[in-house]
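Engineer: Here is my input; please provide its structure:
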Amino acid sequence: MALGVFFKGLIIGFAVAAPVGPIGVLCIRRSLAEGREMGLATGLGAAAADAFYGGIAAFGLTAISNLLVGQRFWLGLLGGLFLCYLGIRTFTSEAATGTAETRNNGSLLAAFVSTFFLTITNPTTIFSFVAVFAAFGLAASPTYLSAATLVLGVFFGSAAWWLLLSTGVALFRSAMGPDWIRTINRLSGIVIIAFGLYSLAVSLGNRS
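Structural biologist: Modelled structure (predicted):
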């Protein structure tokens with residue numbers, strides 16, 4: 001039973017993480033420009049946030065869910081502004097040298113925290129988990145153990161996607177020179193800024 005719940009969590013985590021959005025663009029760009037470790041750290045931040053929202057859905061924490069959704073304007077505003085900031089930084093960044101300095105623990109932690117923050121500021125993600133859990137017959141996990149097992153599966157499923165993406169993209173890194181990396185930075189920055197502006201527009205639309 002526990003193994004079956006964990007496996008379902010794996011599928012859910014992988015499915016929720018796979019659609020390409022601003023986090024996917026960041027993961028691809030960082031994997032190409034700064035290496036697989038940076039790309040994976042970026043993805044793991046999103047996986048941790050997915051597990052957080054999956055936990056809220058699995059444990060049936062309605063009060064927390066309502067609180068987060070009730071603050072979706074401010075969370076969306078913060079997330080949109082932060083996306084625009086990251087987009088501008090990405091657009092203006094130079095090609096990384098790929099040395100150990102660019103992959104130190106501080107940089108990896110910053111990559112993790114930035115994407116955790118971006119994912120956590122989208123509280124409507126919880127609705128995705130509620131809907132998918134219902135489709136799998138997991139809308140209300142009967143025990144704390146099964147709920148915890150499900151959340152663990154969600155994390156590892158999401159992490160598996162980011163590992164595949166960052167590793168696959170990083171394989172092309174050695175074939176790209178500084179000019180290519182610079183071009184990728186510019187294009188990624190524009191896409192991330194566009195996601196940020198869209199998030200701001202949605203938040204302001206919900207406010208009115």
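
Engineer: hey, which helix is longest across the protein?
Structural biologist: helix 178-207 (DSSP state H).

Engineer: Check which helices and strands that helix sits against.
Structural biologist: Under the contact criterion of 3 or more C-beta pairs under 8 Å, 6 or more residues apart in numbering; DSSP states H and E, helix 178-207 touches helix 22-34, helix 72-92. Just so you know, the C-beta spots here come from the backbone N, C-alpha and C atoms, and that holds for glycine as well.

Engineer: which stretch among the ones you listed comes nearest Gly43?
Structural biologist: Of all the helices and strands packed on helix 178-207, it is helix 22-34 that lies closest to Gly43, at 5.0 Å by C-beta to C-beta.

Engineer: Which other helices and strands does the helix or strand hosting Ile12 contact?
Structural biologist: Following DSSP states H and E, one finds Ile12 within helix 2-17. Packing contacts for helix 2-17, counted by 3+ C-beta pairs under 8 Å, 6+ apart, involve helix 36-59, helix 125-135, helix 144-170.

Engineer: how big is the angle separating it from helix 36-59?
Structural biologist: Going by axes from the mean of the first three to the mean of the last three C-alpha atoms, to 10 degrees, helix 2-17 is angled at 120 degrees with respect to helix 36-59.

Engineer: Alpha carbons of helix 2-17, in PDB - could you do that?
Structural biologist: These are the backbone C-alpha positions of helix 2-17, laid out as PDB (Å, rounded to 0.1, in the frame of the first residue of the first chain):
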ATOM      1  CA  ALA A   2       2.700   2.500   1.000                       C
ATOM      2  CA  LEU A   3       4.700   1.600  -2.100                       C
ATOM      3  CA  GLY A   4       1.700   2.200  -4.300                       C
ATOM      4  CA  VAL A   5       1.000   5.600  -2.700                       C
ATOM      5  CA  PHE A   6       4.700   6.600  -3.100                       C
ATOM      6  CA  PHE A   7       4.600   5.500  -6.800                       C
ATOM      7  CA  LYS A   8       1.500   7.600  -7.400                       C
ATOM      8  CA  GLY A   9       3.300  10.500  -5.700                       C
ATOM      9  CA  LEU A  10       6.200  10.000  -8.100                       C
ATOM     10  CA  ILE A  11       3.900  10.300 -11.100                       C
ATOM     11  CA  ILE A  12       2.100  13.300  -9.800                       C
ATOM     12  CA  GLY A  13       5.400  15.200  -8.900                       C
ATOM     13  CA  PHE A  14       6.800  14.400 -12.300                       C
ATOM     14  CA  ALA A  15       3.600  15.500 -14.200                       C
ATOM     15  CA  VAL A  16       3.300  18.700 -12.200                       C
ATOM     16  CA  ALA A  17       7.000  19.700 -12.800                       C
END
